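Peer 1: sequence first, then the predicted structure, then my questions.
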Amino acid sequence: MNNIKFMAMAAIAACTLASCGEKDKAKETDKAKEIPQVKIADVIEDDIAQTEVYTATVESDVKNNISPNVPYRIEKIYVEVGDQVRKGQVLVQLDQSSLRQLKLQIDNQQIEFNRVEALYKVGGASKAEYDNMKMNLDVLQTQYRQMVQNTQLLSPISGVVTARNYDNGDMYTNTPILTVEQTNPVKLIVNVSENYYKLVKKGQSVDITLDAYEGENFTGKVTIVYPTIDVATHTFPVEITINNSKQKVRPGMFARATVSFGSQRHVLVPDEALVKQVGAGDRYVYVYQGDSVVYQKVELGKHIGTSYELMSGVEPGSKVVVAGQSRLANGRKVKVVK
């Protein structure tokens with residue numbers, strides 16, 4: 001009797017559980033059938049300035065290493081690092097002992113030439129003797145001029161001394177004695193994507209900022225657009241020159257150059273419309289079409305205020321979801337609310 005009661009109670013419990021399970025499934029189904037509510041916004045189109053920011057280190061426009069042709073002992077260095085120098089100024093005097101010996105030879109040769117020349121004029125010396133003596137004197141004088149150039153080192157440019165590698169009395173080896181750099185103007189070299197090759201023009205203005213002068217803007221100009229593309233990076237060098245008459249900008253400073261490539265008409269979407277794909281860096285938006293949404297991958301441009309420029313993915317005049325994306329899927333029907 002007890003077994004019969006137990007079996008009856010078990011059957012009732014099973015029916016009850018089955019009924020509850022069916023109700024739960026029905027609730028889940030009903031919930032799934034609920035139409036998500038979303039907010040949408042219009043995609044607008046506008047002319048967007050196309051600019052790129054490049055980083056570079058400031059370089060001098062011209063850089064000269066001051067060295068003699070042969071190893072001499074350094075007699076005197078007349079300048080220090082940081083000194084301004086002018087073109088043609090004597091910077092270094094090298095050992096002149098050989099020069100002094102040569103000068104004595106020239107003086108003796110000059111005396112002998114004068115004697116032969118006087119005899120030649122009165123017929124006391126032959127033309128061959130005269131010519132030979134003159135040639136020897138000319139050779140010695142040429143050697144002297146060359147030695148003077150090698151023992152007195154002049155600055156080939158007007159600029160500033162940026163390196164001194166020896167002291168007075170040192171023997172010159174292979175390292176330059178001095179480095180002189182022309183710091184007005186100065187320049188930057190930036191590498192620009194080949195996509196912009198047709199848009200970079202010689203003479204165009206470039207905005208420059210320097211970490212050393214926070215909040216201050218400088219102006220540069222494109223002076224050289226290199227004619228070849230690097231096959232590995234698909235970029236080409238562009239030289240930008242900065243007028244530096246006040247000598248504020250120094251070689252080695254870190255700079256940012258903002259180059260403008262005109263403007264292009266692109267669409268803008270609100271920040272809230274963007275959805276990041278989990279586990280990837282791709283960005284998507286839900287485009288509202290009729291009564292449903294389409295999950296669309298987009299290519300981002302610049303962040304402008306509270307909107308993003310889109311390079312591709314959404315057509316002008318479209319509508320995108322800006323709220324309620326968490327319950328959406330590609331092709332799902334939605335209800336638009338305000």
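Peer 2: Yes, it's here.
Peer 1: my guess is P251 contacts Q182, does it?
Peer 2: No. At 9.8 Å, P251 and Q182 do not qualify as touching, with contact defined as CB atoms under 8 Å. For glycine as for every other residue, the C-beta is placed from the backbone atoms N, C-alpha and C.
Peer 1: overlap in contacts of the two?
Peer 2: Jointly contacting P251 and Q182 under the rule CB atoms under 8 Å, 6 or more residues apart in numbering are S60.
Peer 1: contact partners for D211?
Peer 2: With contacts defined as CB under 8 Å, 6+ apart, D211 is in contact with 253-255.
Peer 1: any idea of the pLDDT on it?
Peer 2: For D211, the pLDDT comes out at 94.
Peer 1: can you give me the end-to-end distance of stretch 236-252?
Peer 2: For stretch 236-252, the first-to-last residue distance is 22 Å (CA to CA, to the nearest Å).
Peer 1: quick one: buried residues of it?
Peer 2: For stretch 236-252, the neighbour count (16 or more other CB atoms under 10 Å) marks 236, 238-242, 244, 249-251 as buried.
Peer 1: centre of the chain to that stretch, how far?
Peer 2: Mean C-alpha position of stretch 236-252 versus that of the full chain (CA atoms, centre = their mean, to the nearest Å) differs by 12 Å.
Peer 1: residue boundaries of the strands in the stretch 1-150 of the chain?
Peer 2: Along the stretch 1-150 of the chain, counting by DSSP state E, counting those that start in this stretch, strands occupy 37-42, 44-57, 59-66, 74-77, 84-85, 90-94.
Peer 1: quick one, domains of this protein?
Peer 2: 34-48+265-336, 52-61+182-263, 68-164 (automatic domain parsing).
Peer 1: ok, E75 to S97 distance?
Peer 2: Going from E75 to S97 by CB to CB, to the nearest Å gives 9 Å.
Peer 1: again, but for T179
Peer 2: Counting by CB to CB - T179 and S97 are separated by 27 Å.
Peer 1: compare the two (neighbour count), which wins?
Peer 2: Between T179 and S97, T179 has the larger neighbour count (other CB atoms under 10 Å), namely 19 against 11.
Peer 1: can you redo the domains of the chain as a markdown table, where the extra columns are distance to T175?
Peer 2: Formatted as a markdown table, the domains of the chain follow (distance: least, CB to CB, whole Å):
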| stretch | distance to T175 |
| --- | --- |
| domain 34-48+265-336 | 48 |
| domain 52-61+182-263 | 19 |
| domain 68-164 | 9 |
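Peer 1: counting neighbours, what do you get for L210?
Peer 2: By other CB under 10 Å, the residues close to L210 number 18.
Peer 1: I189 too?
Peer 2: Neighbours of I189 under the rule other CB under 10 Å: 15.
Peer 1: from the buried residues of stretch 236-252, which land in strands?
Peer 2: Per DSSP state E, strands hold the following members of the buried residues of stretch 236-252: 236, 238-242.
Peer 1: minimum distance to N174: which of the domains of the chain has it?
Peer 2: Distance to N174, taken as CB to CB, is lowest for domain 68-164 among the domains of the chain, at 8.8 Å.
Peer 1: roughly how far out does the closest one sit from the chain middle?
Peer 2: 46 Å.
Peer 1: how long is that domain end to end?
Peer 2: Across domain 68-164, first to last residue, CA to CA, it's 14 Å.
Peer 1: got it, and stretch 160-172?
Peer 2: Note: stretch 160-172 ends 22 Å apart using CA to CA.
Peer 1: other residues contacting that stretch?
Peer 2: 60, 67-68, 71-77, 79-85, 91, 94, 175-181, 183, 251.
Peer 1: what does stretch 81-101 give?
Peer 2: Applying CB under 8 Å, 6+ apart, the contact partners of stretch 81-101 are 66, 68, 72-79, 144, 147-148, 150-164, 172, 177-178, 180.
Peer 1: what ranges do the strands span in the stretch 151-300 of the chain?
Peer 2: Under DSSP E, counting those that start in this stretch, the stretch 151-300 of the chain gives strands at 152-154, 159-164, 178-193, 205-210, 217-225, 235-242, 254-270, 275-276, 283-289, 292-304.
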